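# fold the stuff below for me.
(2 chains)
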Amino acid sequence: MRWLKGAYASLAVIFLMAPLLVILPLAFTSSAFLTYPIPSFSTRWFIELVDNAVWQRSIVNSLIIAPSTTALATVLGTLAALGLRGRVPFAATLRTVFLLPMVVPAVVMGVGMQVLFVRLGLVNSYLGVILAHTVLAIPFVLISVSGSLAGIDRRVERAAESLGASPVRTFTRVTLPLMMPGVLSGAALAFALSLDEVVLTLFVAGPNQRTLARQMFSTLRENISPAIASAAFIIIVGTVVVTALLFLAGRGWQRQRRS
Amino acid sequence: MTGRRNRRRAALLIAPLALFLGVFFFWPLATMLAQSVSDPAVGRVLPLTSAAIADWDGQGVPPPEIQRAFATDLHEATDDLAVGDMVRRLNSAQSGFRSLMNKTLPAVREDVDVDLASLDRKWSNPAYWQAIRGAVSPLTDRNLLATMDLERNAGGEINRMPAGSSANGAIILRTLVVSAIVTLCCLLIGLPYAMIAASVTGWRRAVLLGAVLLPLWTSLLVRTAAWFILLQDSGLINGMLTGLGIVDQPVQLIFNRLGVVIAMTHVLLPFMVLPIYSVLATIPANLMPAAASLGARPLRAFWRVLLPLALRGILSGVLLVFMTAIGYYITPALVGGANDQMISAVITQYATGSANWGMAAALGVVLLALTLVLYACYGWLSREDAVRLS
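As a prediction, the model looks like this:
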């Protein structure tokens, strides 16, 4: 029984992890095919990503769109999370409504956005793509920030106020440092989501706004090359680096506050 | 007093997001809903005809004043793009309209008083006039009916479309079937997995939960690309199967239903494991030994004790996986074949391929309705949970 449990769990873990472990080494293959075994290791596909105009453009586009989405979604989501903390009428309903972009299928949003953005002149523009990605990213920021706000003991803030701190000072010195981990993980989630987004980009972006994920998607459909594995490597590393940087920034900031 | 001020401050903090989502989330959804029933192509070009033809009973050839209004409309139509849209729309309602209009338009533009019936005898055929009458309204249920393979005949009655002319019903059915299979696979793998994860402790539990969370945090596109590498004919799985001598020829694992189910099960498995695990983690660990000490065999203890307690988590997981699966686009699009495309792929095809936004929007309405119903069930389930706990 115990043996069976172990075997089952190992198999399931292999099933869950294998795809991630398989794709990363192929980023460094010297072969022209996306297959094993790897003849020898080389960085030719990373060089291809940087040299090829289409890939290069898509990386630059992702570097424009993902940070903008992160900033916009984090500001909007954090403000709303703070507002929803108070005694607002219909707070639960509002929260459910704000989380809807996570539920509605992306293709459904894509059709509506395409038709509307054509009318508003936002189609085939960076702004349009950033706005679309922000809609998708907001629920993640909201959940993340609300989670960290729920962990704050309101008495701490009241204590600061009763000791004579102004509301602004209470916020910057007490609430903000305590909620910072939630804000930062929300920002990291928004960044990762924008970096990975394909469906809305497909509907809203023009050829000039092709993101890295969108370029990977069409390469997978049309001409499969190991450049995909290299791009996947960049997406994974990019997400990890941004998350790490945000957490380091948060910790440094908190330490500075404390001293 | 401070209460009111706090409330105003909260409203000010919420307002930007409410405004943003109103404009860039709800407005697009409303646009899509409107698009699914809007049909302005004909009425826009033929305003006089629209007004005149409303009184016509549809019998025989319409009276001269309607024909006159029609000729005037065509004479004054200068927007070639709009005229082209109108001709396309009329031709889809009644074949033969394209050639008829190619003949009629130049003649009417030259002389608005031309006799239509002598220009082309098709104008003596009531079917063409009925097609115009059916198409002048700016609202239509044509696209919504077409999602269920239904259409209206010339008399306005709803009929089943001739077999083979529309695949929408089959695609919706296929979407539900594939999603159900994926949900079942997730349940069969996820339930034992969650039970094992809840029964162990320490590093074992950390590994099991990490293996679920790590893929969840990794790019969906990267995971799908990885399955592409694993499943292709020269991929690792086929390499292993042929290497071990289990099969002689590579097995077709990609661009078919099997590939879609494998890849989607992998992508959605965390959504099954996590809700079940979170319920199981709250069940006291000594419950199963208690059942055993009372003489229940393991299977009976599982069936009568653990399963009923875990049922809520299982239902949440099933709803979550099924709801996400029916809207999936990327994974079926990349690892599925032509016969595995689900409703999202067809919507994308209509919208970005053939520029048929009416049909794309109508299928979107179906998908949205299905998703929201499932979400409501899920919300109801988790609220019941919260009520019970409080």
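
# what about the host helix or strand of B:Leu19 and chain A, any contact?
Element membership for B:Leu19, per DSSP states H and E: helix B:2-21. Yes. Helix B:2-21 reaches chain A (Cβ under 8 Å from any Cβ of the partner chain) through B:3, B:6-7, B:9-14, B:16-18, B:20-21. Any C-beta I mention is one placed from the backbone N, CA and C, and that applies to glycine too.

# roughly how far does B:Leu144 sit from B:Gly169?
Using Cβ to Cβ, to the nearest Å, B:Leu144 is found at 13 Å from B:Gly169.

# pLDDT below threshold where in chain A?
Within chain A, the stretches with pLDDT under 70 are A:1, A:253-254, A:256-259.

# can you show me the CA trace of stretch B:260-273 as CSV?
The C-alpha trace of stretch B:260-273 is given here as CSV (Å, rounded to 0.1, in the frame of the first residue of the first chain):
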residue,chain,number,x,y,z
VAL,B,260,-5.1,17.6,-26.6
VAL,B,261,-6.4,15.6,-23.6
ILE,B,262,-2.8,14.9,-22.3
ALA,B,263,-1.7,18.5,-22.6
MET,B,264,-4.9,20.0,-21.2
THR,B,265,-4.9,17.6,-18.3
HIS,B,266,-1.4,18.6,-17.4
VAL,B,267,-2.2,22.3,-17.6
LEU,B,268,-5.4,22.1,-15.6
LEU,B,269,-4.4,19.5,-13.0
PRO,B,270,-3.4,22.1,-10.4
PHE,B,271,-6.9,23.5,-10.5
MET,B,272,-8.2,20.1,-9.4
VAL,B,273,-5.6,19.2,-6.9
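
# and stretch B:262-272, how far from the chain's centre?
19 Å (Cα atoms, centre = their mean, to the nearest Å).

# cool, and stretch B:124-137?
Worked out by Cα atoms, centre = their mean, stretch B:124-137 lies 32 Å from the chain centre.

# B:Met182: how many residues sit nearby?
Just to correct that, residue B:182 is Val rather than Met. Number of residues near B:Val182 (other Cβ atoms under 10 Å in any protein chain shown) recorded here: 28.

# can I assume B:Leu105 is in contact with B:Met86?
No. Contact criterion Cβ atoms under 8 Å: B:Leu105 and B:Met86 do not qualify, at 10.4 Å.

# one step back: quick check: mean pLDDT of the helix or strand just after the helix holding B:Leu19?
Sequence order places helix B:27-37 as the next helix or strand after helix B:2-21, per DSSP H and E. Averaging pLDDT along helix B:27-37 yields 95.

# which residues touch the residue nearest the centre of chain B?
In chain B, the C-alpha closest to the average C-alpha coordinate belongs to B:Leu367, at a distance of 3.4 Å (Cα atoms, centre = their mean). B:Leu367 sits next to A:Pro105, A:Val107, A:Val108, B:Ile326, B:Gly327, B:Ile343, B:Ser344, B:Ile347 when contact means Cβ atoms under 8 Å, 6 or more residues apart in numbering or on different chains.

# per-residue confidence at it?
96.

# and if you look at B:Pro63?
Confidence score, pLDDT, at B:Pro63: 87.

# which residue packs closest to it, ignoring adjacent ones?
B:Trp56 (7.5 Å; Cβ to Cβ, 6 or more residues apart in numbering or on different chains).

# I'd guess the one you found is in a helix, am I close?
No. Under DSSP: H, G, I helix; E, B strand; the rest coil, B:Trp56 sits outside any helix and is assigned coil.

# just checking, it touches B:Val136?
No. Using Cβ under 8 Å, B:Trp56 makes no contact with B:Val136, being 10.7 Å away.

# comparing the two, which residue is more hemmed in?
Neighbour count, other Cβ under 10 Å: between B:Trp56 and B:Val136, B:Val136 has more, with 23 against 18.

# what helix or strand is the residue nearest to that one when sequence neighbours are not counted on?
Spatial nearest neighbour of B:Val136, excluding adjacent residues (Cβ to Cβ, 6+ apart): B:Ser50 at 4.1 Å. Element membership for B:Ser50 (DSSP H and E) is helix B:47-53.

# check which residues of that helix are buried.
B:Leu48, B:Thr49, B:Ser50, B:Ala52, B:Ile53 (16 or more other Cβ atoms under 10 Å in any protein chain shown).
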